[in-house]
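> Below is the sequence, then the predicted model.
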Amino acid sequence: MNVKFTARRFHAHPDIKEHAVETVKKLDRFCDGILSAEVILSYERVTKSVKMAEINLRVHGAVLTARGKSEDFIKSIDASGEKLQMQLAKYKTKRRSKDKEKVREIKEKE
């Protein structure tokens, strides 16, 4: 899986980058069909220091996106990862139900 990392208007610390890549690689346990990922870190407000992490996952036939906001980049990345876990579970069940419908149609034709 390709992981693209972007820090908007600042240089990210290597620990933050490493944590983001590890979080995305952990998502591979929930779905095998992840093709690529993109992690974007940015500041929402400079004065109050609200930090935002956005993770985009490309899977077969869809793009899943999650955003997390907090006072720390690591917390934002973790929040985005948890949201993507739920989205991947929902995507996987939808995909399985569609596959079951196709199998049923084929059996009815026989």
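Now that the structure is in, tell me what you want to look at.

> Going by C-alpha atoms from here, please, whenever you check contacts or count neighbours.
Noted.

> burial measure for Leu41, as a count.
Residues near Leu41, counting by other Cα atoms under 10 Å, number 26.

> element containing it, please.
Leu41 belongs to strand 34-45 when assigned by DSSP states H and E.

> Could I get the buried residue list for that strand?
Buried residues in strand 34-45, defined by neighbour count with 16 or more other Cα atoms under 10 Å: Ile34, Ala37, Glu38, Val39, Ile40, Leu41, Ser42, Tyr43.

> Relative to Arg96, how far out is Val39?
27 Å (Cα to Cα, to the nearest Å).

> scratch that, Lys51
Distance of Lys51 to Arg96, computed by Cα to Cα: 36 Å.

> ok, back up a step: now do the same for the strand holding Leu41: mean pLDDT, whole number.
For strand 34-45, mean pLDDT rounds to 93.

> hang on, Ile74 is in a helix, isn't it?
Yes: under DSSP: H, G, I helix; E, B strand; the rest coil, Ile74 sits within a helix.

> Please name the nearest non-neighbouring residue to it.
Distances taken as Cα to Cα, 6 or more residues apart in numbering put Ile16 closest to Ile74, at 6.7 Å, once the chain neighbours are dropped.

> And the strands in the chain, which stretches?
Taking DSSP state E to define them, one finds strands in the chain at 2-7, 34-45, 50-59, 62-70.

> now for the last one, which elements pack on it?
Counting contacts by 3 or more Cα pairs under 8 Å, 6 or more residues apart in numbering; DSSP states H and E, the secondary-structure elements packed against strand 62-70 are strand 50-59, helix 73-109.

> can you list the strands of the chain in CSV and add distance to Ser80?
As requested, the strands of the chain are exported to CSV (distance: least, Cα to Cα, whole Å):
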stretch, distance to Ser80
strand 2-7, 14
strand 34-45, 10
strand 50-59, 7
strand 62-70, 5
